[in-house]
Structures are given as structure tokens and as C-alpha cells.
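Novice: when you get a sec, could you give me coordinates for this:
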Amino acid sequence: MMTMTLKKMMAAGLLLLLVAACGGAKKEQHGAGQTDATDAERTERLKPRYAEGFSLRSEGGVWLVDIQDPQKEDEEGEMAEGAYRYAFVPRGSDLRAPEGYERIEIPVRKVVCMTTLQLSNFIALDRRDLVAGLTSTRHLFDPQINAQLKDGRTRKIGIEGNFDTEVVMGIAPDVILISPFKRGGYEALKETGAPLIPHLGYKELTPLGQAEWIKFVGLLTGNEDAAIKRFDEIEKRYNELKALTADVKERPVVFSGEMRGGNWYAVGGKSFLARQFEDAGADYFLKDDPHSGGFTLDFETVYAQAVNARFWRIINSYDGTFTYDALRQEDARYADFRAFRERGVVYCNLKSQRFYEGVPVEPEVVLADLIHAFHPQLLPDHKPVYYQLLK
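Specialist: Numbers count the residues shown, from 1 in each chain. Model prediction:
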């Protein structure tokens, strides 16, 4: 009798153990599912919707970031997609980077920027304090960055191809943001031991794609929420403005640039600038050209295709007030363009406008400026910020 009771008790105990084990297994399985869901949610919140130059995903507390040329080419004409891979891990953690990924601890504490476009992301996120080094300070307007340069919190590190590596090593940055398709000289920077990370916002082919790099910098600096919020606001306003021009009956033709050194620099019909004009309800004079990059043309070629264009976009650095007389003095042939005769020059002076600091993170403002110039009836109360019709 005792034997039978003991057997029943042992069987009951075994059954309870089995139930507990199953429950535990289910709980662990559910926990793994939660981690996966959290990773998926984190990825969904931050992944780019317009930018082609970077992609990212969250895996177990690590951000895996792939950076590639948005135009799918380098100075040699080709580039392997995902050539730059980084694993962003929480600072101080022992999490490892997967094979093929360079480990970077975030948030970063000190950064070197190579371009004003890169700097614009830090200004927009109000993280100027992280910028410890800069290359050129030409066209630099931001008061805080200028103050940091003055008191030594931010230092000049030289220019591409001629960097002062001693200054860089003295700064000891956590990362150096580079533009790998420019003049270069980055081999010397590798000797400093600081990781080099490409920031390819300047190669994006859409204004929203370029602006979305603020998410990349937000992740790097620990300001993801602020970056997401800022970009969502940019996207909403930009698309609202773009919708205004969707059904315009007349799309004026616009060309861009000036003669420099005997040549006229232009960009192709698939370029960033062409898309900007398209969204503003205008047609770029080379809209049928299949290229996204730039090239030089002679005056006669530009004249043949742009002589009757209604608008002419000019951006330069001019001391004083730029006028139609000043433009004619540069080249008397300019006066033959319809855009000159009918006062259709859309102008920005880099001497007085924070163009490079603001435009990358304010594409909606630029779009409003262009719409106001091309279709003033759509935005009659807009006050131009970067571009305005030359008087």
C-alpha cells in the first residue's frame, strides 16, 4: 500500500516538474520572441525610407550599419555594395561585432567632421559640443561652432590631402566622418587610430534622402528620438509642399550655373538638383540626360538648350550686392538668356547665407523658396530664406 502511494506521489511530482519545464521553455521562447520583436521595432523606427547610402538593423542590442555609395559608383566607376560595415554597440558593454563589421562604441563623445554637410546634422540635433575637429571653416556661420573654434574646444585639422595628424591625435576623436570620394588623404588619418566612417549624404539623389542622414548621426550620438522627430517633421512639410505642384499646368524650364575657367559645370537629369526642381514644379533643362553626376559643357551647348528657359539658378560668393549688371559684367553673353531679360534669376549668395549649414537639413525650406520663385501664387506669403529672385 505504501509502495503504491509512494509511486503515485513520485508520478505526481514528475508531472509537476514536466509542466514547470514546459512552462519555462515556453517562457524562454516568448522572451526570445520579445527580443526579436524589440529589434524589429527598433529597426522599423530608425531605418531610412529615402536615403540610399546607409541601411541599419538592430540585432540583440547591437546596431549593424552598412554604408554604400548612393550613386553606386566611386572614382574608379564601381563600388561593392556594403563596402563599409559597422557594429554600433553600447558604450562600456562587452558586446562583440559580427565578423566583417568594425566595432564602434556609441554614443560617441568626440567627432571630427570633414564637411559642412556633416556638421549640419550636429547643428540640427544641437550636438555641436561633440564636434572636436573640422577641416575648412569657409562659409561657417554658426555662432557656437565659431566660439568653440575660438576657445579651442573645436580645432582645425587641415584640409583633405594635407591633414595635421598630430592635431587629430591630440583631439583623440571616437570617430572621424569622411567623404571617401573626394580628394582623400585618409591613409594618414588611419595612423591616428580613430575609426573612419563615411558620411555620404552629399551623394544622395533626393533632398529627403540627404536629410535622412540625420538619423545616422542621431544613432551615432545617442539622439535617435530627436533625429526621428526632426526628420518626420521635415518629411511631412516637404511632401505637403511637393503636393502643391503636382497638378501645375505650366512647368517652367530652369537651368543652373555659370561659366568658370572657360567651362560651364552642369549636372545630369537624374541628379539631386534636377529632382529638387521637379518637386518645385519646374523642369531642369537637362531633365532627359541619364546621368546623376556632373560634367562640363561649353557655352554654346548650354546656350542652345537654355536660351529660352524661364529661370536661371545661380549660387556664388559675391562681395556686396549681386545684381543683373554684375552678372552681365561677368560675361556679356549672359544678357541673351531669356531668364536674364525677364528677371528670372533665382539667387543665393554664400557670403551672406548659411547655405551649407542649413540646406542639408532644411530641404522643405529650400523647396518653399523654389516654389515661391517658380509659382508665387502657390505660396504668396512665403518669405525666402536661401533662394530669392534677383532684383
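
Novice: only C-alpha atoms from now on, for both contacts and neighbour counts.
Specialist: Will do.

Novice: pLDDT weak spots in the stretch 1-150 of the chain?
Specialist: Low-confidence segments of the stretch 1-150 of the chain, defined by pLDDT under 70: 1-37, 73-82.

Novice: which parts of it are helices?
Specialist: All helices of the stretch 1-150 of the chain, identified by DSSP state H, counting those that start in this stretch, fall at 2-46, 116-124, 143-151.

Novice: kindly report the same for the stretch 151-300 of the chain.
Specialist: Using DSSP H, counting those that start in this stretch, helices in the stretch 151-300 of the chain cover 165-171, 186-190, 207-211, 213-221, 224-244, 272-279, 299-306.

Novice: any idea which of the ones you listed is most buried?
Specialist: Highest mean neighbour count among the helices of the stretch 151-300 of the chain (mean count of other CA atoms under 10 Å): helix 207-211, with a mean of 25.

Novice: which ones are touching K203?
Specialist: Residues near K203 by CA atoms under 8 Å, 6 or more residues apart in numbering: 53, 69-71, 210.

Novice: how about a cut-off of 6 Å?
Specialist: Not one residue lies near K203 by CA atoms under 6 Å, 6 or more residues apart in numbering.

Novice: any idea how far Y386 is from it?
Specialist: 21 Å (CA to CA, to the nearest Å).

Novice: for L64, same thing?
Specialist: 36 Å.

Novice: same check, this time on L205
Specialist: In terms of CA to CA, L205 sits 20 Å off from Y386.

Novice: quick one, domains of the protein?
Specialist: Listed by automatic domain parsing, the domain ranges of the chain are 48-236, 249-389.

Novice: start and end of the shortest one, how far apart?
Specialist: In this case it means domain 249-389. Span of domain 249-389 from end to end, CA to CA: 21 Å.

Novice: avg pLDDT for it?
Specialist: Mean per-residue pLDDT for domain 249-389: 97.

Novice: start the count at 46, not 1, going forward
Specialist: Will do, 46 is the new start, and the previous item becomes domain 294-434.

Novice: just how off-centre is that domain within its chain?
Specialist: 22 Å (CA atoms, centre = their mean, to the nearest Å).

Novice: likewise for the first one?
Specialist: In terms of CA atoms, centre = their mean, the centre of domain 93-281 is set 10 Å apart from its chain centre.

Novice: and for the residue nearest to A239 when sequence neighbours are not counted, the neighbour number?
Specialist: Nearest non-adjacent residue to A239, counting by CA to CA, 6 or more residues apart in numbering: V220, 5.6 Å away. The number of residues packed near V220 is 20, by other CA atoms under 10 Å.

Novice: V220 contacts V156, doesn't it?
Specialist: Yes: taking contacts as CA atoms under 6 Å, V220 lies within contact range of V156: 5.4 Å.

Novice: beta partners for I359?
Specialist: Beta-bridge partners for I359, by DSSP bridges, are Y392.

Novice: how far away is it from G254?
Specialist: Using CA to CA, I359 is found at 23 Å from G254.

Novice: and what of Y392?
Specialist: 24 Å.

Novice: do R102 as well
Specialist: 18 Å.

Novice: same thing with A380?
Specialist: 36 Å.

Novice: same check, this time on G267
Specialist: From G267 over to G254 the distance is 21 Å, taken as CA to CA.

Novice: again with G307
Specialist: G307 sits 33 Å away from G254, going by CA to CA.

Novice: next: E232.
Specialist: In this structure, E232 and G254 are 29 Å apart, going by CA to CA.

Novice: over to K294?
Specialist: 27 Å.

Novice: same question for P429.
Specialist: On the measure of CA to CA, P429 and G254 end up 23 Å apart.

Novice: go on, L185?
Specialist: L185 is 23 Å from G254, by CA to CA.

Novice: can you check A272 too?
Specialist: From A272 to G254 the distance is 14 Å (CA to CA).

Novice: and what of P240?
Specialist: Applying CA to CA, the value for P240 to G254 is 24 Å.

Novice: cool, T346 as well?
Specialist: Distance of T346 to G254, given as CA to CA: 31 Å.

Novice: what does F344 give?
Specialist: Look at F344 and G254: by CA to CA, they are 32 Å apart.

Novice: looking at the helices of the stretch 196-345 of the chain, which one has the lowest mean pLDDT?
Specialist: helix 231-235 (a mean of 88).

Novice: only C-alpha atoms, please: export that helix in CSV.
Specialist: C-alpha atoms of helix 231-235 as CSV (Å, rounded to 0.1, in the frame of the first residue of the first chain):
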residue,chain,number,x,y,z
TYR,A,231,42.7,59.4,-45.5
GLU,A,232,45.6,56.9,-45.2
ALA,A,233,47.4,59.4,-43.0
LEU,A,234,44.3,59.6,-40.7
LYS,A,235,44.3,55.8,-40.3
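
Novice: what packs against it?
Specialist: If you count contacts as 3 or more CA pairs under 6 Å, 6 or more residues apart in numbering; DSSP states H and E, helix 231-235 packs onto no helix or strand.

Novice: give me that answer again for 10 Å
Specialist: If you count contacts as 3 or more CA pairs under 10 Å, 6 or more residues apart in numbering; DSSP states H and E, helix 231-235 packs onto strand 207-208, helix 210-216, strand 220-223, strand 241-243.

Novice: overlap in contacts, V220 and V156.
Specialist: Taking CA atoms under 10 Å, 6 or more residues apart in numbering as the contact rule, V220 and V156 both touch 239, 265.

Novice: could you check how far A413 is from E387?
Specialist: Distance of A413 to E387, given as CA to CA: 22 Å.

Novice: with neighbour numbers in mind, choose between those two.
Specialist: Applying other CA under 10 Å to A413 and E387 shows that A413 carries more neighbours, namely 26 against 10.
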